[in-house]
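J.: here is a sequence with its predicted model. Questions after.
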Amino acid sequence: PNTTLGNPIPAGTTVTITDTTTPAITFTAVINTNGTYSQSLPAGTYSVTVVAPIGYTITGSPLSNPTIVTVVPGQSKDAGQDGLYFITSISGYVFNDKANNGAKDTIDLPILGVTILLTGRDINNQNVNKPAVTDTTGKYIFDSLLPGLYVITETQPIPYLDGIASVGTGAKTQGTLSYNTQSDIQLESGNLSINNNFAELVSTAIAGFTFNDSNNNGQKDAGDIGIKDVTIKLSGIDDRGSVIDLSTQTNNDGYYQFKDLRPGNYTITEIQPNNYLDGKDSLGTNKTNATLSNDKIANINLGESIVSANNNFGELTPSSIGDTVWIDTNNNGIQDIGEPGLKDVNIQLSGSDDLGAVTKTTLTDINGKYQFQNLRPGNYSLVATIPVVTNKYRVTTKNVIPANIEKDSDFALDTGGLTASLNNINVTSDYINLSYDLGLYQSINISGYIWEDADKNGLQDNTEEYIPNIEVKLYLSSGVQVFVNIDGEDISKIVTDSKGDYRFDKLSPGEYYLIFAKPKYTVFTTKVTSDGSKNSDVDNNGKTKTYTFTSGQIITNIDAAIQPPPQEIIITDPVPCGGDIFGKVDKFNLLGANFVKLTMTEKATGKAYTFELPTQSDGKYQLKIEYYDSTKSNYVQAGNYRINYSTVDYRGRAIGGEYDSEIKQFEKCLPLKPVEPTPLASMITLIRTGERKSFVILLSIVLTLTGTVGVSIYKRK
């Protein structure tokens, strides 16, 4: 060994010289402070080893320690140059950098068992490759190093993320950082490079759920089901300035996670899943400064080891409401089998959902079906515009069977009668109710006529006439008379018009029968043929069968035939004695007429007497003339008269006629039994109803005490 100026050899530095014989002989020489030493030796081969003082290391020429030297007798041999260098080292720590600041703070935790590899070349141009492992304090050290140029490389510990490494102090030239590597650490004799540290980070994570938010509160409650295979994207910039763009999909539970993230500022975005409506999203834990918008959570600032959980995306299962607009043919409020739907009915949905006001419209299809889909939670109303037709549609009774919501009608007629509505429909997520029905029906009309069946064949012959003023009553099948129609109009007193027609309008579909009033002394013709347009539809009492009428039916041929009563006028002249009253009685047998008006005009003076003859129980009308007492209401003085009669028959037609008659005044009435009148001259004439006939009768009458002479005129049918 030698020394150079300014670098004295430490005192007491020794060299051991050991021969190679057996047994070996060892010599010890003390090196001078100038670095020289000498030792007298027998000839032989020796191993020369410099013993480095504490704190030093050896280098030499040749580059070995010990050095093998062979000497011969009388020869002086140079054992080579050895150098003493102060020991150098490289050390540092591996730790969990809680603050991610690269500095080893008191809160930072050591990481045990991390491998650090030292590579490079020492001053002797020898390659260096040696590992070290961190101890419980997280420290590693490479000591007893020769001066040289070195690199230290950390094996990234699992499960940590690479943090901010820091160059140490004490080297001639500190290293160059590159993540887990510090290169170009130049050591000179005595350099102790310390705090070549590697900071590590516990990874961060962002996680959450995509779920079906059944109550739309934005919270994942017990029972809310996750939605799988939903794409979630992560974007942002980490602490190293790297742009992050990742994506993942939710698992079967609707859970997603972005793990092993570095600290940074992040945004997560959900791709709206098919078949769902966007629900309410919620910020997760550690949400300072995070912002929420539709399907996006932004500005999630994550520090070291921070996990932001429950960044959740609530979704809604679309709701649907609807069903059918149908023709309630029997107006029972139930959609029975075979009752058809009504197409092209305008249905409007209005209300408000969780996002605001909503208005939608649709038309019923060919089967009367309608449906509003993809509805959000909210409160809605349905309004149906009732189609305008000649025989207008009406709304059937709603909720006739509350337990059968799928079949009954649910709408109520609105004021004005142009729309029907169903209000206050509360819709939640996944609310499917296809039972909101609307039953419509059209009123029915029943009409017909009454005719005089003159030939009594039960058929409406062309020459047969109609009968006015006949009362017709309508009854339910239960026997209850119908007094008003569905518009509240009085139909309790329907009579045939001048043409014999009657009509019941605006009736609800249902089961009905009719009863026709029968004029006195007439009979009904019962049904004799199946031709409903020609025959009579009543029984002997004027009652029809029970009919079932469905929506919109217009019935025009429920008819009744009445056979006319036998009608006759009987005039008898003279009248037999009747007690102390003498005179003449004229009898009119006009069955079905209410009264007979009789005018007696004296031919000589023109004086007229007028009487209205009341009906008798047998249908006859009788006037008993008083010619004794002029104060009596029935007084008629004796004389020759023209008698006119008129009346209204059971059909309401005016009929009448005239004839001549002489009223004689007898002194007394002989108590003789009168003889039945014998026609001296007679005329029998058939008088058709509605015709007016005049009868002029010229009589030569011989009165005797033993008999009477009479004239009879008959009108029969």
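T.: Okay, I see it.

J.: ok, what's across the strand from residue 452?
T.: Beta-bridge pairing of residue 452 under DSSP bridges involves residue 562.

J.: pretty sure it sits against residue 461.
T.: No - using CB atoms under 8 Å, residue 452 is not in contact with residue 461, being 10.2 Å away. Where you see a C-beta, it was placed from the backbone N, CA and C, and this is true even at glycine.

J.: when those two are compared, which one has more neighbours?
T.: Neighbour count, other CB atoms under 10 Å: between residue 452 and residue 461, residue 452 has more, with 23 against 11.

J.: how far away is that one from residue 48?
T.: Here residue 452 is placed at a distance of 164 Å from residue 48 (CB to CB, to the nearest Å).

J.: cool, and residue 205?
T.: The value you get for residue 205 to residue 48, if CB to CB is used, is 63 Å.

J.: in this structure, which spans are helices?
T.: Taking DSSP state H as the criterion, the chain contains no helices.

J.: looking at it, which helix or strand is least sure?
T.: Across the helices and strands of the chain, mean confidence by mean pLDDT, DSSP states H and E is lowest for strand 683-684: a mean of 30.

J.: contacts only, for the residue of the chain most remote from its centre.
T.: What lies farthest from the middle of the chain is residue 74; by CA atoms, centre = their mean that is 119.7 Å. Listed by CB atoms under 8 Å, 6 or more residues apart in numbering, residue 74 has no contact partners.

J.: residue 43: how many residues sit nearby?
T.: When neighbours are counted by other CB under 10 Å, residue 43 comes out with 11.

J.: and it, what does it touch?
T.: When contacts are taken as CB under 8 Å, 6+ apart, residue 43 is in contact with 71, 72, 73, 75.

J.: want to try TSV for those residues, with distance to residue 361 as columns?
T.: Output for those, formatted as TSV (distance: CB to CB, whole Å):
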residue	distance to residue 361
71	118
72	122
73	126
75	122
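
J.: nearest residue to residue 555 other than its sequence neighbours?
T.: Excluding its sequence neighbours, the residue lying closest to residue 555 (CB to CB, 6 or more residues apart in numbering) is residue 446, at 4.8 Å.

J.: isn't the one you found up against residue 549?
T.: Yes - assessed by CB under 8 Å, residue 446 is found in contact with residue 549 at 7.3 Å.

J.: give me the common contacts of those two.
T.: Common neighbours of residue 446 and residue 549 (CB under 8 Å, 6+ apart) are 507, 512, 555.

J.: out of the residues you listed, who's the most crowded?
T.: residue 512 (22 neighbours).

J.: quick one: contacts for the closest residue to residue 528 other than its chain neighbours?
T.: Counting by CB to CB, 6+ apart, the nearest residue to residue 528 once its immediate chain neighbours are dropped is residue 458, at 3.4 Å. Taking CB under 8 Å, 6+ apart, we find residue 458 in contact with 525, 526, 527, 528, 529, 535, 536, 561.

J.: pLDDT at residue 458, what is it?
T.: pLDDT recorded at residue 458 is 84.

J.: separation between it and residue 535?
T.: Counting by CB to CB, the gap from residue 458 to residue 535 is 6 Å.

J.: what is the burial count for residue 544?
T.: 23.

J.: low pLDDT regions in the stretch 451-600 of the chain?
T.: 529-532, 566-595 (pLDDT under 70).

J.: ok, which stretches of it are strands?
T.: Per DSSP state E, counting those that start in this stretch, the stretch 451-600 of the chain carries strands over the ranges 471-476, 494-495, 501-507, 510-516, 523-525, 547-549, 554-555, 560-563, 568-571, 585-589, 596-602.
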